[in-house]
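Participant: the following comprises the amino acid sequence and a computationally predicted model.
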Amino acid sequence: MYYSEDFVEEVRQRNDVVDVISSYVHLKKSGSNFTGLCPFHNEKTASFSVSGGKQMYYCFGCGAGGNVFTFLMEYENLTFPEALEQLATRAGMELPQKSDSAEDRRRRNEREQILEIYKVAAKYFYAKLNSPRGTEAKEYLLSRELSEETIRHFGLGYSDKYSNDLYQYMKKKGFDDTILSKTGLFTFHESKGVYDKFWNRVMYPIMDRSNKVIAFGGRVMGDGKPKYLNSPETAIFDKSRNLYGLNFVHGKQDRGMIICEGYMDVIALHQAGFNNAVASLGTAFTSQQSSLLKRYTDTVYMCYDSDNAGVKAALRAIPMLKEAGVTVRVINMRPYKDPDEFIKNLSVEEFQKRIDTAQNSFFYEIDIIKQEYNMNDPEEKTRFMNEAAKKCLTFENEIERNNYIEAFSREYGVRSEDFRQLVQRHAATMVGIDYERVKQEREKKVKGGKEDGLGKLQGVLLTWLSEDIALFSIVKNYILPEDFLDNPYREVAEMLYAQAEEGSIAPAKIISCFDSKEEQSVVAGLFNKQVKEVTEHAEREKALNEVVKTIKTASLEKQSREVTDLTQLQMLIAEKKKLENLQIKLPS
């Protein structure tokens, strides 16, 4: 959904950053700003600063920063449209529609109606579970050692034995067949009529990150088939882009995320205190789900069933998670099949120990490969070593690859140099792996990620200008936006100068002009450059002169290297000479 810049800015202005962040973080007044413990990394000393004047936040510890949109996106793991819509609702603002065509209105209306039907269905199933008709289903859940609180928390329900019970209820509520046929909750048959998709099942509502019910999973009571049945994809539900239980996960998960196979695994883990557990939705794990998990954590603990199907599912998921940049560890639940069984038979403490000792995914994969070979047979052992060498080639990072080569060599008692040569021989025969190119790109990124002295001074000047608009009328006589070398300094300077010309500086508005959270954090950092506290008038003048002189000198030197006209070169040299006697005076 596209929203106009004016609407975005109005939403930002009507959501004070201090008010919003203080509902998540305990803030204390500190001078003109507020400080608190950063919610994005572990710290004992407050380095998280929120500025009401600039309408932005910045952590001097981890570098996280931005405006009210950035905070909500980072803390609640929302997309920009989701954060915008949530803040608009908070401010009591009605969302404008992208288009008001008849077709767009029809689609919006259809989606809203389906969401309403799922909401009504969830309440209906929950009421059935707690009625005399749901006694058997309720006893089943209680026999699984779920508490009443857990049942209520997850909104568990029951679909009646009558095959058109929900349909009849929806008709009484006034919903017509046209919209009901698009919900995936009913089957319309020419000769058999209409019947419910779910009947005689324990119902598990599946919710999106806004806690709206978008689908159901159903576990049959008795011996019916299939044992588990899931909602089909609809206008509101895409199974490959959602995870069961994710609506209960808030903010970055420093302790990692636990990925399970089934609904009951997630529910059992949450009841045991592991509220960072989620599950895929009756389908194979997908790359979209990997990317979704990456938004919440850098580490995923795989907690799939220990049977053959669970092992195969884990082996399919591991490469996708790694591709998304996630570190993967595998929890060993033996002798039990799943986390629900494990916790019931052992304890929460023992499960935590299994998390703490979870196996590195590489060695988990190696152990699975090893099971295919007779390690007492020299020929088969050699084939195993070759397969392990190929597995090492999945690590593009040279240092990481070497670390695994050495770790494998220690584990299996082979000379690391011999095993490294085996890896290199396989690399030479494989197409598409240019480790030298990867190495060069990595080094380039590392160099580009460091801020040099000039970059810091450019940030310092931007910070000063953002804090004192009166300084702009002085600085603009010496430094123009084009004197800021490279981006984002120049982009930010152009916007800041434009704001100053209009008479009002709003750093938070500038931050909104950058798309990603990462870019917004970098820009927020430019408005929060820490410099030595200067209170004396003479010292402030001296500091300003040094900063301006350094930035202007670098700009002139760059122009001198690029200019080809002799006359222009002479002008640049003359201008550079004038800088030697630069004396900017600040008003007393």
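Facilitator: Structure's in. What do you need?
Participant: how about low-confidence regions in the stretch 401-550 of the chain?
Facilitator: Scanning the stretch 401-550 of the chain for pLDDT under 70 picks out 429-452, 515-517, 530-535.
Participant: can you show me the helices along the stretch 251-400 of the chain?
Facilitator: Applying DSSP state H, counting those that start in this stretch to the stretch 251-400 of the chain gives helices spanning 263-271, 287-294, 308-323, 339-345, 348-356, 361-370, 378-392, 398-412.
Participant: most tightly packed of the ones you listed?
Facilitator: Of all the helices of the stretch 251-400 of the chain, helix 263-271 has the most neighbours on average by mean count of other Cβ atoms under 10 Å, namely a mean of 24. Placement of C-beta: from N, CA and C, glycine included.
Participant: kindly reformat the helices of the stretch 251-400 of the chain as CSV containing distance to residue 521.
Facilitator: Listed next are these as CSV, based on distance: least, Cβ to Cβ, whole Å:
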stretch, distance to residue 521
helix 263-271, 31
helix 287-294, 17
helix 308-323, 24
helix 339-345, 35
helix 348-356, 30
helix 361-370, 29
helix 378-392, 34
helix 398-412, 26
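Participant: can you say which of these is nearest to residue 94?
Facilitator: helix 287-294 (29.1 Å; Cβ to Cβ).
Participant: show the average pLDDT along that closest one.
Facilitator: The average pLDDT within helix 287-294 is 84.
Participant: figure out which of the helices of the stretch 251-400 of the chain is closest to residue 41.
Facilitator: Closest among the helices of the stretch 251-400 of the chain, using Cβ to Cβ: helix 287-294, at 16.9 Å.
Participant: show me what that closest one is packed up against.
Facilitator: Helix 287-294 is packed against helix 308-323, with contacts defined by 3 or more Cβ pairs under 8 Å, 6 or more residues apart in numbering; DSSP states H and E.
Participant: report the angle between the axes of the helix it packs on and helix 287-294?
Facilitator: In terms of direction (axes from the mean of the first three to the mean of the last three Cα atoms, to 10 degrees), helix 308-323 departs from helix 287-294 by 70 degrees.
Participant: picking that back up, for residue 469, which of the helices of the stretch 251-400 of the chain is the nearest?
Facilitator: helix 287-294 (40.1 Å).
Participant: on that earlier part again, the helices of the stretch 251-400 of the chain: lowest mean pLDDT?
Facilitator: helix 287-294 (a mean of 84).
Participant: roughly how far out does that helix sit from the chain middle?
Facilitator: Centroid separation for helix 287-294 versus its chain: 9 Å, with Cα atoms, centre = their mean, to the nearest Å.
Participant: same check, this time on stretch 366-379
Facilitator: The answer for stretch 366-379 is 39 Å, by Cα atoms, centre = their mean.
Participant: for stretch 486-504, same thing?
Facilitator: Worked out by Cα atoms, centre = their mean, stretch 486-504 lies 30 Å from the chain centre.
Participant: need the residues that contact that stretch.
Facilitator: The contact list for stretch 486-504 (Cβ atoms under 8 Å, 6 or more residues apart in numbering) reads 455, 458-459, 462, 465-466, 469, 472, 476, 480-482, 484, 505-507, 509-510, 513-514, 519, 522-523, 526.
Participant: which secondary structure element contains the closest residue to residue 134 other than its chain neighbours?
Facilitator: Nearest residue to residue 134, sequence neighbours excluded (Cβ to Cβ, 6 or more residues apart in numbering): residue 158, at 4.0 Å. Using DSSP states H and E, residue 158 falls within strand 157-159.
Participant: from the contact counts, what lies against that strand?
Facilitator: Packed next to strand 157-159, using 3+ Cβ pairs under 8 Å, 6+ apart, are helix 102-129, strand 201-207.
Participant: please identify the deepest-packed of those.
Facilitator: Mean neighbours per residue, mean count of other Cβ under 10 Å, is largest over these for strand 201-207, with a mean of 25.
Participant: pull up the pairing partners for it, direction included.
Facilitator: Its sheet considered, strand 201-207 pairs with strand 157-159 (antiparallel), strand 213-220 (antiparallel) by DSSP bridges.
Participant: now that strand against helix 102-129, angle please.
Facilitator: Going by the same axes, to 10 degrees, strand 201-207 makes 140 degrees with helix 102-129.
Participant: quick one: strand 201-207 to helix 263-271, angle?
Facilitator: Using the same axes, to 10 degrees: strand 201-207 against helix 263-271 is 60 degrees.
Participant: going forward can the numbers begin at 21, since that is how I track them
Facilitator: Got it, the first residue is 21 from now on, which makes the last one we talked about strand 221-227.
Participant: contacts for strand 221-227?
Facilitator: Contact with strand 221-227 is made by 142, 145, 149, 157, 160-161, 174-179, 233-241, 249, 251, 257, 262, 264, 267, 283, 301, as judged by Cβ under 8 Å, 6+ apart.
Participant: buried ones among those?
Facilitator: Buried subset of those (neighbour count, 16 or more other Cβ atoms under 10 Å): 142, 145, 149, 157, 161, 174-179, 233-241, 249, 251, 257, 262, 264, 267, 283, 301.
Participant: how about residue 216: what's its closest non-neighbour residue?
Facilitator: Nearest residue to residue 216, sequence neighbours excluded (Cβ to Cβ, 6+ apart): residue 186, at 4.7 Å.
Participant: how about the helix or strand hosting that neighbour: buried residues?
Facilitator: Assigned by DSSP H and E, residue 186 falls within helix 185-192. By neighbour count on 16+ other Cβ under 10 Å, the buried set for helix 185-192 is 185, 186, 187, 189, 190.
Participant: give me the helices and strands touching that helix, please.
Facilitator: Counting by 3+ Cβ pairs under 8 Å, 6+ apart, helix 185-192 packs on helix 122-149, strand 213-216.
Participant: to residue 597, which of the ones you listed lies closest?
Facilitator: Nearest to residue 597 among these is helix 122-149 (63.2 Å), distances taken as Cβ to Cβ.
Participant: gap between the following helix or strand past the closest one and the chain center?
Facilitator: Next helix or strand after helix 122-149 toward the C-terminus (DSSP H and E): helix 155-163. In terms of Cα atoms, centre = their mean, the gap separating the centre of helix 155-163 from the centre of its chain is 37 Å.
Participant: can you check stretch 339-352 too?
Facilitator: Worked out by Cα atoms, centre = their mean, stretch 339-352 lies 15 Å from the chain centre.
Participant: return that stretch as PDB; C-alpha atoms alone will do.
Facilitator: Written as PDB, here are the backbone C-alpha positions of stretch 339-352 (Å, rounded to 0.1, in the frame of the first residue of the first chain):
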ATOM      1  CA  PRO A 339      20.300 -24.500   3.900                       C
ATOM      2  CA  MET A 340      17.400 -22.000   3.600                       C
ATOM      3  CA  LEU A 341      18.000 -20.600   7.100                       C
ATOM      4  CA  LYS A 342      21.700 -20.300   6.300                       C
ATOM      5  CA  GLU A 343      21.000 -18.600   3.100                       C
ATOM      6  CA  ALA A 344      18.900 -16.000   5.000                       C
ATOM      7  CA  GLY A 345      22.000 -15.400   7.200                       C
ATOM      8  CA  VAL A 346      20.800 -17.300  10.300                       C
ATOM      9  CA  THR A 347      23.000 -19.400  12.500                       C
ATOM     10  CA  VAL A 348      21.300 -22.800  12.900                       C
ATOM     11  CA  ARG A 349      21.700 -25.200  15.900                       C
ATOM     12  CA  VAL A 350      19.800 -28.500  16.300                       C
ATOM     13  CA  ILE A 351      18.300 -29.600  19.600                       C
ATOM     14  CA  ASN A 352      18.700 -33.300  20.400                       C
END
